[in-house]
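# Provided below for reference: sequence and predicted model.
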Amino acid sequence: MMAFDVLKGAHFRFALTPKGWVRNLSVHFGPDGTILAASEDDNPDGLPVYDNPVVPGITDLHSHAFQYAMAGLSEVRRNPVDSFWSWRDIMYFFALTLSPEDMQAIAARLYLSLLKGGYTGIVEFHYVHNDLDGSPYARREELSLGIFEAAQATGLDLTHLPVFYAHSNFGGLAPTSGQRRFIQSLDSYAEMLDSLRVPARAGGHTLGIAPHSLRAATPEEIARLMELRADLIPGSPVHIHVAEQVKEVDDALEWNGRRPVQQLYDIAPVDERWCLIHATHLDDSEVAMIARSGATVGLCPMTESNLGDGIFRATDFLGQGGVFGIGSDSNIATFAAQELQQLEYSQRLRDRQRNVLAAMDAPHVATNLWSRAAQGGARAAGRPEQGLAVGGMASFVEVTSPEPEAMLPVEPEAMLDFHVFAGRGFHVGDVVVRGRKVVSGGHHPLEEQITAEYAAAMSRVAERLSARKMA
Ligand SMILES: [Zn+2]
């Protein structure tokens, strides 16, 4: 495992805390990587000083790491109407090209980018399990172990969700040949989850459960997964894709007359340990149901835009006290600032208003969104409450400006607005994950190696892709 410098504490000139921006904050870290003590003072203990503004790191609550390597390759129209579903065919084709070594190299490269994009944690929604022909690897959990390696090399906090995927649509329809690398039986899934427990504990990773969607797992299978969770990893996070596409809602209605979110709440005890990924297409009762249950909604605004999913009802949901976090999903973008910008802009375009996702007590849009996304992401990842305060994780990002002298003087309260909305890139100095300094002055100690291994993987993949033709 990569050995990073460990900080015992730090002194921040400007820090974003759960009560807003604070000047001159000293924090002390415990051996478990949480904040033991915090006080506003003049740094009497001589802690390392951060002059640049510091924000809590966000947990990226939804990623399919391998898709990072195909970002940008599906922006060509190939059909009279291209859609999520035609994109998915390309993604399946791509998934059938990658070796375990490729997948690990891609994940490490992605995680390195995410650390520089404002994230300090990741929830990997991991559904590629099998070899190219659909048979299990000698170690069934082979590809999950590659994800563990990538997280350990980069220092990003990992919550790993092995995904249960068994069907091609509602009603337990048989999977397609293109889905063969994803498919598990309940028994093989249980075996895989069990064998991941020891390496997860050794690497400091959190494990959770993820039925892929109501399309890919039947109500009976989801009930069995909940029993497995109670037996093997009680209280762990549960994530599921839901209501991302209008077609999914239509298929659900056709199958049993109920909308997907309604179906989920009918069959499962959804509570604050759950995270509903996308939840794009909701009626009024579903918005209220999710907010009331305390489940996090996992929004992936850049991917949802890229795939043409639709617009999440964020104003209604936040107005009812709903909790959300952000995910990079297809990894078409790796900056938290871009996701938050896109989330706000989707609401502005729909409502023809400005500064929509601010609150009366948090009028700065970016500050409000950043704090909420940090808290929601930590909850969805099954981690301690995130925030630069006692009990929070010692995970933070130092935000730098490439040309500070060329900027109008910006009050710290407005600093994030600038970085999220002014569109001049997001630049980091140090990134600290649970007290370990994994990025120092914008540089990661394994950066060159990770980048070279990714380049080697890409040339292998390019060769294999040119040898195959999409059907
Ligand atoms: Zn997804």
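Perfect, thanks for sending it. Numbering: from 1, shown residues only.
# which SSE is the nearest residue to residue 279 once chain neighbours are set aside in?
Distances taken as Cβ to Cβ, 6 or more residues apart in numbering put residue 297 closest to residue 279, at 4.8 Å, once the chain neighbours are dropped. For glycine as for every other residue, the C-beta is placed from the backbone atoms N, C-alpha and C. In this assignment (DSSP states H and E), residue 297 forms part of strand 296-299.
# again with residue 28
Per DSSP H and E: strand 20-29 holds residue 28.
# and the helix or strand of the chain with the lowest mean pLDDT, what's buried?
The weakest-scoring helix or strand in the chain, judged by mean pLDDT, DSSP states H and E, is helix 412-421 (a mean of 86). By 16 or more other Cβ atoms under 10 Å, the buried positions in helix 412-421 come out as 412, 415-420.
# would you mind measuring from the closest residue to residue 413 other than its chain neighbours to residue 447?
Among residues not flanking residue 413 along the chain, residue 21 sits closest, at 5.2 Å (Cβ to Cβ, 6+ apart). Remark: distance between residue 21 and residue 447 (Cβ to Cβ, to the nearest Å) = 31 Å.
# quick one: which of those two has more around it?
residue 21 (19 against 16; other Cβ atoms under 10 Å).
# got a pLDDT number for the more buried one?
According to the prediction, residue 21 has pLDDT 93.
# next one: residue 1
pLDDT, read off for residue 1, is 62.
# okay, now residue 379: neighbour count?
Other residues near residue 379 come to 23 when the count uses other Cβ under 10 Å.
# give me the helices and strands touching the host helix or strand of it, please.
If you go by DSSP H and E, residue 379 is part of helix 365-380. When contacts are defined as 3 or more Cβ pairs under 8 Å, 6 or more residues apart in numbering; DSSP states H and E, helix 365-380 sits against strand 9-17, strand 54-56, strand 58-63, strand 119-126, strand 296-299, strand 323-326, helix 336-351, helix 412-421.
# worst mean pLDDT among these?
helix 412-421 (a mean of 86).
# quick check: angle from it to strand 9-17?
Counting by axes from the mean of the first three to the mean of the last three Cα atoms, to 10 degrees, helix 412-421 lies at 80 degrees to strand 9-17.
# residues near the nearest residue to residue 189 once chain neighbours are set aside, how many?
In space, and not counting its chain neighbours, residue 189 is closest to residue 164: 5.1 Å by Cβ to Cβ, 6+ apart. Using other Cβ under 10 Å, residue 164 is surrounded by 29 other residues.
# for residue 273, which non-adjacent residue is spatially closest?
Nearest one to residue 273, counting by Cβ to Cβ, 6+ apart, is residue 237 at 5.7 Å.
# residues contacting the residue nearest to residue 189?
184, 186, 189, 209-212, 216-217, 221, 225 (Cβ atoms under 8 Å, 6 or more residues apart in numbering).
# go on, residue 264?
214, 240, 242, 270, 276.
# for residue 440, what are phi and psi?
With angles defined as degrees, to the nearest 10, residue 440 sits at phi -120, psi 120.
# I'd say it and residue 446 touch.
No. Counting by Cβ atoms under 8 Å, residue 440 sits too far from residue 446 to count as a contact (11.9 Å).
# overlap in contacts, those two.
Residues touching both residue 440 and residue 446 (Cβ under 8 Å, 6+ apart): there are none.
# any idea of the mean pLDDT for the single longest helix found in the chain?
If you go by DSSP state H, the chain has its longest helix at helix 447-467. Helix 447-467 shows a mean pLDDT of 94.
# mind giving me the packing neighbours of that helix?
helix 100-115.
# could you give the angle of the helix it packs on to strand 58-63?
150 degrees.
# which other helices and strands contact helix 100-115?
Secondary-structure packing of helix 100-115 (3+ Cβ pairs under 8 Å, 6+ apart): strand 58-63, strand 119-126, helix 142-154, strand 427-433, helix 447-467.
# buried set for stretch 268-277?
Buried-residue list, stretch 268-277, by 16+ other Cβ under 10 Å: 268, 270, 273-277.
# end to end, how far does it reach?
15 Å (Cα to Cα, to the nearest Å).
# give me the distance from that stretch to the chain's centre.
Distance of stretch 268-277 from the chain centroid (Cα atoms, centre = their mean, to the nearest Å) equals 16 Å.
# related to what we said a few turns ago, quick check: the residue nearest to residue 189 vs residue 321, distance?
Applying Cβ to Cβ, the value for residue 164 to residue 321 is 30 Å.
# picking that back up, so can I have JSON lines of the buried residues of helix 412-421 showing distance to residue 204?
Below are the buried residues of helix 412-421 laid out as JSON lines (distance: Cβ to Cβ, whole Å):
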{"residue": "412", "distance to residue 204": "32"}
{"residue": "415", "distance to residue 204": "32"}
{"residue": "416", "distance to residue 204": "29"}
{"residue": "417", "distance to residue 204": "35"}
{"residue": "418", "distance to residue 204": "35"}
{"residue": "419", "distance to residue 204": "30"}
{"residue": "420", "distance to residue 204": "30"}
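# ok, the residues you listed vs residue 42, which is closest?
residue 412 (17.6 Å; Cβ to Cβ).
# contact partners for the closest one?
14, 21, 23, 53.
# make a PyMOL selection of the buried ones in the residues you listed.
In PyMOL syntax, the buried subset of the contacts of residue 412 is picked out as below (16+ other Cβ under 10 Å):
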select buried, resi 14+21+53
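# which two from the contacts of residue 412 end up farthest apart in space?
Across those (Cβ to Cβ), the longest gap, 10.4 Å, separates 23 and 53.
# identify the contacts common to these two.
Joint contacts of residue 23 and residue 53 (Cβ under 8 Å, 6+ apart) are 13-14, 412.
# want to throw those into JSON lines with distance to residue 372?
Converted to JSON lines, the shared contacts of residue 23 and residue 53 look like this (distance: Cβ to Cβ, whole Å):
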{"residue": "13", "distance to residue 372": "24"}
{"residue": "14", "distance to residue 372": "19"}
{"residue": "412", "distance to residue 372": "18"}
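# these two touch, right, the residue nearest to residue 279 and residue 324?
Yes. Shown here, residue 297 and residue 324 form a contact pair, counting by Cβ under 8 Å, at 4.7 Å.
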